[in-house]
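>>> coords below, sequence missing:
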């Protein structure tokens, strides 16, 4: 090996024009190391670890996966002994995700999904007014038909009182103009009371009909079949008599739900 080469590898090379090295030896003198003394080719000593350039993939104490890992956890099956994945893998993010639930489960209220049980006459009247304007959810057959019975009885009772006072039926018979003043005044008050009751129960009657159709598995818009002369009202009554559909709550138990039983 030439002196130029020794000068190049000399770690203490400072001034090529100097005649002596800082330790007193002439320039070009090989370093006094065991490998040179044994006639072996001298090689520069490796730099400290922090100064070594990275060669290939270096392991790190902060590495997420071992170098011998065949695949990251997101790509392995759930039965992988090294990287079990208890949840399905999101193909976009690569992370395990908890299985999502259908919106009907996330949005349903505590009373959603439970069957609408049969109720008594008094309980049906209470629910009739409590769920005054609730069109979502369902209503059982007893809840609906007891409310129909209630409104029918009230109308018949007012009609009987009107008949007892005026001597004629409210929807037929003599007119108020043909009666004396006292009887006509009482008849007018009873007619106004009946009209107020019918208008006040119009919305809850429509709402509970809507919910009863939901409970039978039909859309609330089926109510408008009653507008078809003759046959429409018969079809609507048949739908209102149907038993509860087991899967109706999945379609109609959304939004504001009626008060439970």
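Nice, I can see it. Everything numeric in this text was worked out from a predicted model, so none of it was measured. Residues are numbered from 1 along each chain as shown.

>>> Which of the helices or strands spans residue 186?
Assigned by DSSP states H and E, residue 186 belongs to helix 181-200.

>>> Against which helices or strands is that helix packed?
Where contact means 3 or more CB pairs under 8 Å, 6 or more residues apart in numbering; DSSP states H and E, helix 181-200 is packed against helix 141-166. Using the backbone N, CA and C atoms, a C-beta is placed for each residue, glycine as well.

>>> Show me what counts as buried in the helix it packs on.
Going by neighbour count (16 or more other CB atoms under 10 Å), the buried part of helix 141-166 is 141-148, 150-151, 155, 158-159, 161-163, 165-166.

>>> In the helix holding residue 186, which residues are buried?
For helix 181-200, burial by neighbour count (16+ other CB under 10 Å) applies to 183, 184, 186, 187, 190, 191, 194.

>>> Please apply the same query to stretch 244-261.
244, 245, 248, 249, 252, 253, 254, 257, 258, 261.

>>> and if you look at stretch 119-127?
Of the residues in stretch 119-127, 119, 124, 125, 127 count as buried by neighbour count, 16+ other CB under 10 Å.

>>> State the pair within those residues that is farthest apart.
Greatest spatial distance among the buried residues of stretch 119-127 (CB to CB): 119 and 125, at 9.5 Å.

>>> Give the residues shared as contacts by the two.
Overlap of the contact sets of residue 119 and residue 125 (by CB atoms under 8 Å, 6 or more residues apart in numbering) consists of residue 146.

>>> just to revisit the earlier point, show me the two of the buried residues of stretch 244-261 that sit farthest apart.
Greatest spacing in the buried residues of stretch 244-261, by CB to CB: 254 and 261 (19.1 Å).

>>> residue contacts, residue 258?
Applying CB under 8 Å, 6+ apart to residue 258 gives the contacts 127, 130, 131, 134, 136, 137, 138, 139, 211.

>>> mind checking the SS state of it?
Following DSSP: H, G, I helix; E, B strand; the rest coil, we place residue 258 in the coil state.

>>> And the pLDDT at it?
We note a pLDDT of 90 for residue 258 in this prediction.

>>> With the flanking residues excluded, which residue is spatially nearest to it?
The shortest distance from residue 258 to any non-neighbouring residue, by CB to CB, 6 or more residues apart in numbering, is to residue 131 (4.0 Å).

>>> give the contact list for residue 180.
With contacts defined as CB under 8 Å, 6+ apart, residue 180 has no neighbours.
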